[in-house]
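Novice: Task: produce atomic coordinates for the following.
(one chain, ligands or ions: 1)
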Amino acid sequence: MAKKTMKFATKVIHVGGYPDKETGAVIAPIYQTSTYAQSSPGKHKGYDYTRCQNPTRSRLEECLASLEEAKYSLVASSGMAIVSLILHSLPKGSNIICGDDVYGGTYRILTTVFNEIHKIHFVDTTNALAVETAMKEYKPKLIWLESPTNPLLKITDITKITGIAKKYKVLSVVDNTFMSSYFQKPLTLGADVVMHSLTKYMNGHSDVVGGCLMTSNKSFYDKCWILQKSTGPSQAPFDSWLVLRGLKTLAIRMEAHQKNAIKIAKYLEGHSKIEKVVYPGLKSHPQHLIAKKQMSGFGGMITFFLKGDIKKSKRFLERVKLFALAESLGGVESLIEHPAIMTHASIPKELREKLGIFDNLIRLSVGIEDCDDLIDDLETALKSL
Ligand code: P1T
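Specialist: Here you go, the predicted structure:
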């Protein structure tokens, strides 16, 4: 069957997952090698050194490209390595527009590393007028969108904003980590490049750090590949193999994450000790209709505000038992964290609070355990406050 005609749940298993030609092994071999024998200097079978290419990683890239309906994919050693490759691909001194609510590590790399190379401007990308004004003022080379955002789950209208980017000939990048390729496909909505932290939903088992980009823009892909080959953040073969394995259950995992998240968001919304719940699937979410239009589901991430101060937040976080208090997200197990102290600590307090990241803000990555057990765990911790 041609890759293009396969449905998503077939692609995650079969694209890049065909039996090994030499042995018939049904599962992809781990090519745990740093180098490849050549028959004559410069004459090889497409692989010369694992920093540049590796057959296990190539299979993963083939699968990932097909999931986002892209021509090319590049896999790196972390999500941040991909962010770095993309930003390095721009000419020195470029203006960059970035959404104002992004993962703390993305904010940090922009404000402490790439601010020495480029000019960075943070804009609320849920506001199309503000984006268009910034395009006119800064004449940027790239616009960076995260949708839904980390941690406030703000939704950018990807079709509208990438449409504006096209008008001004600006490269648009969407960090699709929170939705995974299952619930959202930014390239089909007009984006030029999509990226993921593979560490999260795509791998799904909290046992790998990795990142990828997908695009159909050949010259951009070539630039990033040469940058990876030159600077070295390539993913190890075993990690690529683990992601290939994790991807096979992406479709069923995402459905299970979402099912639990909807139940938990509704439970929290009705709780007297909770001030506010943010989940794209709730009618109360300010961009619920945009979410419905551009996503095929609402995912497993929930953000909520406790009634109380930092002390109460800490007490609550110490008392949950099934939810592990840990950074990261997207694994089969449920995680809970405090963005102001943990994932977004690199954003100055004043700016955090201007964005809405207060000390009573808690972020959940809802896993695929039995939902009643998860609600019991939250209820016990809330009751004790
Ligand atoms: O951790 P790494 O694989 O390098 O990915 C970075 C990254 C990029 N983009 C988004 C939206 C992310 O959430 C992350 C990593 N985020 C966490 C570790 C976290 O707990 O939010």
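
Novice: how about the residues of the protein that lie near the ligand?
Specialist: Within reach of the ligand by C-beta under 6 Å from any ligand atom, the chain has these residues: 78-80, 103, 105-106, 146, 150, 175, 177, 197, 199, 209, 211, 327-329, 343. C-beta coordinates here come from the backbone N, C-alpha and C atoms, glycine included.

Novice: Buried ones among those?
Specialist: Buried by 16 or more other C-beta atoms under 10 Å: 78-80, 103, 105-106, 146, 150, 175, 177, 197, 199, 209, 211, 328-329, 343, out of the residues of the chain next to the ligand.

Novice: so of the residues you listed, which ones are in helices?
Specialist: G79, M80, G105, T106 (DSSP state H).

Novice: Between these, which sits nearest the ligand?
Specialist: Within those, distances to the ligand taken as C-beta to the nearest ligand atom reach their minimum at G79, with 2.3 Å.

Novice: pLDDT score for the closest one?
Specialist: As summarised for this prediction, G79 has a pLDDT of 98.

Novice: nearest residue to it other than its sequence neighbours?
Specialist: Of all residues not flanking G79 in the chain, S197 sits nearest, at 2.9 Å (C-beta to C-beta, 6 or more residues apart in numbering).

Novice: so that neighbour bridges to which residues?
Specialist: S197 has the following beta-bridge partners by DSSP bridges: G211.

Novice: Name all residues that make contact with it.
Specialist: Neighbouring residues of S197 by C-beta atoms under 8 Å, 6 or more residues apart in numbering: S78, G79, M80, I82, Y103, D175, T177, G210, G211.

Novice: Now compare those and name the two farthest from each other.
Specialist: Put simply, by C-beta to C-beta the two of these set farthest apart are Y103 and G210, 15.1 Å from each other.

Novice: who touches stretch 124-137?
Specialist: In this structure, residues lying in contact with stretch 124-137 by C-beta under 8 Å, 6+ apart are 97, 99-100, 121, 123, 140, 143, 145, 147, 154-157, 160-161, 164-165, 167-168, 170, 287.

Novice: tell me which residues in that stretch are buried?
Specialist: The neighbour-count criterion (16+ other C-beta under 10 Å) identifies D124, T125, T126, V131, A134, M135 as the buried residues of stretch 124-137.

Novice: go on, stretch 329-343?
Specialist: Going through stretch 329-343 with 16+ other C-beta under 10 Å, the ones that come out buried are 329-332, 334-340, 342-343.
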